[in-house]
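**Q** generate a structure from the sequence data that follows.
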Amino acid sequence: MKIQSSATARSAIAVSTPQPVPGAISGTDPGTTLRANLRPGRLGTLQAALGVVAFSLTFPATAWGLEGFGPWALVAVRSVLAALIAGGCLLALRVPLPARRHWPGLAVVAAGVVVGFPLLTTLALQTSTTSHAAVVVGLLPLTTALLSALRMGTRPSRTFWAAALAGAAAVAAFTVQQSGGALTGADLYLFGALLVCAAGYTEGGRLARVMPGWQVIGWALVFCLPLTVPAAALALAHESAQLTAHSVAGLLWVAVGSQFLGLVVWYRGMAAIGIPKASQLQLAQPLLTLVWSVLLLGEHLTPAAPLTAAAVLICIAVTQRARG
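**A** Numbering: from 1, shown residues only. This next block holds a predicted model:
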């Protein structure tokens, strides 16, 4: 009896397995999962940061896309292309449909980051520069943290909120100064985009805790196909399209980089380090967008950019170390 009990105990130890990382894709290498388990905070921060880099190219890429496509065609076609990539991945891996209880959350993600934010910002960029549109991104981290607190009951520390407010104020002041301080008709679109995107980020970050992040955005994109396919066909029929190097490159980036791959790493990062902390990494996004605007679009930066960048980096460091 003692021998049998001893064997049973050894068997139980032998078959124990580490818990998976939130947002990890099923079927990944066990060694990769183990390494991720050892440093989930650093990995999550890296993933969220990669998402920010991908998003920082969205406005310049959209400006390129608008050189050859109308706004409605650009938004619809980018969503269809991203959905085809996501659907192919879901089909190849035979991923089952998400549980019905997750459908409302996926609908919010779809409305916010698949349709709402791309459409509203594209319409705004018809009359607004990318530097002025960066005001939206400058306020997005604070809005996302606020919605996360309301939706999920997160309670970051006072230090976190102080640093978040300071970072948002620095970015907003810089980008408004960069655009000359003038409000335009595009601002209504931009503030609407701010709200719907923050809602989509919050709900997507919540869902990424119970399913892989790539499936969150993947299913949101696929669920929009009945809307985006006819919209793309209708828009292409009524808006002239010119396939230039800039327009094609812009379309491909907003479809593959911003709409799918960027959101994959972004949601995984949010699941790992929390929505409030991940959202504050986006304080760097407007400054990165302005750099890309100079390099790709020939826009001009003011001497205040380095000072603002330093202030934002300090605020990001404080939010990442603050409790909550």
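
**Q** pLDDT weak spots in the chain?
**A** Applying pLDDT under 70 to the chain flags the ranges 1-40, 136, 178-184, 301-302, 306, 320, 322-324.

**Q** leaving out sequence neighbours, find the closest residue to Ala199.
**A** Leaving aside its sequence neighbours, Ala199 sits nearest to Gly112 (Cβ to Cβ, 6 or more residues apart in numbering; 4.8 Å). Placement of C-beta: from N, CA and C, glycine included.

**Q** where does that neighbour land in three-state SS?
**A** For Gly112, the secondary structure call by DSSP: H, G, I helix; E, B strand; the rest coil comes out as helix.

**Q** so what's the residue nearest the centre of the chain up against?
**A** When Cα atoms, centre = their mean is applied to the chain, the residue found nearest the centroid is Leu263 (4.4 Å). Counting by Cβ atoms under 8 Å, 6 or more residues apart in numbering, Leu263 touches 51, 113, 204, 213, 216-217.

**Q** now swap in Val256 and tell me
**A** Val256 makes contacts with 81-82, 85, as judged by Cβ under 8 Å, 6+ apart.

**Q** related to what we said a few turns ago, wait, the residue nearest to Ala199 touches Ala193, no?
**A** No: look at Gly112 against Ala193 with Cβ atoms under 8 Å: they stay out of range, at 9.2 Å.

**Q** tell me the spacing between Leu57 and Leu263.
**A** Relative to Leu263, Leu57 is positioned 13 Å away (Cβ to Cβ, to the nearest Å).

**Q** can you check Ile85 too?
**A** 12 Å.

**Q** cool, and Pro141?
**A** Relative to Leu263, Pro141 is positioned 16 Å away (Cβ to Cβ).

**Q** joint contacts of Ile85 and Leu263?
**A** Residues touching both Ile85 and Leu263 by Cβ under 8 Å, 6+ apart: none at all.

**Q** which residue ranges of the stretch 1-150 of the chain form helices?
**A** 2-14, 30-38, 40-56, 58-65, 71-92, 103-109, 117-124, 130-152 (DSSP state H, counting those that start in this stretch).

**Q** most packed of these?
**A** helix 58-65 (a mean of 26; mean count of other Cβ atoms under 10 Å).

**Q** now do that helix and helix 71-92, the angle between them.
**A** For helix 58-65 against helix 71-92, the angle by axes from the mean of the first three to the mean of the last three Cα atoms, to 10 degrees is 120 degrees.

**Q** got the angle between helix 58-65 and helix 130-152?
**A** Helix 58-65 and helix 130-152 are oriented at 130 degrees to each other (the same axes, to 10 degrees).

**Q** quick revisit: for the contacts of Val256, which one is nearest Ala310?
**A** Closest to Ala310 out of those is Ala82 (35.1 Å), distances taken as Cβ to Cβ.
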